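Peer 1: structure here, sequence nowhere to be found:
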C-alpha cells in the first residue's frame, strides 16, 4: 500500500490527535463491536481469509478478525493516525498500518473481506472510496461498510407528537 496524497487533500472529520480521541474510540467500540461481529460473521469469515479493517485503529475488532481467520489468514488494520501508545498485539496474522483510506492506494483483488465502520461518512466523496475498496476485493469477496445514513436524520426529541 503506497502513501500517495490525493490532490484534494481529503481529511477525516475528527482530529485523531484530540484529547478525546481515545475516549471516543473506546465508546464506539463498546457500542458497535457486537453489531459488527454479527455482521462480519454473516459473511462466512473463517480460516485462511485475507481481511482489511479500514479505519480500525488498534481496536479489538481487528484482534477478533485475526482470531477468526486463524494462523493461515491475515488481517490488515489501517488507520491514518495510529496512537503511539497502541496496545501490543500477540497475533502474528495481525498487521497494523498508518494507511489513510482516503489518500493512499490499496492493492487490487487482495482481500476476501473489507470492513469499514464509521469511516466513509467522515470523508468527502465517499463513493470514490467505495470504488477503491471494491477494487481491492477478490472476486466473491465481501465489502461490509457500516455507516450512518446522512440523508435521513430523525429528530431525537420533539415537544409533542
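Peer 2: Looks like it arrived, so ask away. It should be emphasised that the depicted structure is a prediction, and the values quoted were computed from it without experimental measurement.
Peer 1: tell me the contacts of residue 76?
Peer 2: Listed by Cβ atoms under 8 Å, 6 or more residues apart in numbering, the contact partners of residue 76 are 51-53, 95, 97, 99, 111. Where you see a C-beta, it was placed from the backbone N, CA and C, and this is true even at glycine.
Peer 1: give the next helix or strand downstream of the helix or strand of the chain at the bottom of the mean pLDDT ranking.
Peer 2: Ranked by mean pLDDT, DSSP states H and E, the weakest helix or strand in the chain is helix 21-41, scoring a mean of 81. Next helix or strand after helix 21-41 toward the C-terminus (DSSP states H and E): strand 50-54.
Peer 1: touching that following strand from outside, list them.
Peer 2: Applying Cβ under 8 Å, 6+ apart, the external contacts of strand 50-54 come out as 45, 61-62, 65, 69, 73-78, 101, 106, 110-116, 119, 133, 136, 138.
Peer 1: from those, which land in helices?
Peer 2: Judged by DSSP state H, helices contain the following of the contacts of strand 50-54: 61-62, 65, 69, 133, 136.
Peer 1: out of those residues, which is nearest to residue 147?
Peer 2: Lowest distance from residue 147 to the ones in helices among the contacts of strand 50-54 (Cβ to Cβ) belongs to residue 133, with 12.3 Å.
Peer 1: surely the closest one meets residue 144?
Peer 2: No. Contact criterion Cβ atoms under 8 Å: residue 133 and residue 144 do not qualify, at 10.0 Å.
Peer 1: intersection of neighbour lists for these two?
Peer 2: With Cβ under 8 Å, 6+ apart, residue 133 and residue 144 have common neighbours 114, 116.
Peer 1: the more surrounded of the two?
Peer 2: A direct count of neighbours by other Cβ atoms under 10 Å for residue 133 and residue 144 places residue 133 higher, at 23 against 17.
Peer 1: pLDDT at the residue nearest to the spatial centre of the chain, what is it?
Peer 2: Central residue of the chain (Cα atoms, centre = their mean): residue 54, 2.8 Å from the mean position. At residue 54, the predicted lDDT confidence score is 93.
Peer 1: buried ones among the contacts of residue 76?
Peer 2: Buried members of these, scored by 16 or more other Cβ atoms under 10 Å, are 51-53, 99, 111.
Peer 1: tally of neighbours for residue 77?
Peer 2: Residue 77 is flanked by 27 other residues according to other Cβ under 10 Å.
Peer 1: sketch out the low-pLDDT regions of the chain for me.
Peer 2: The chain contains residues with pLDDT under 70 at 1-25, 58, 81-90, 150-161.
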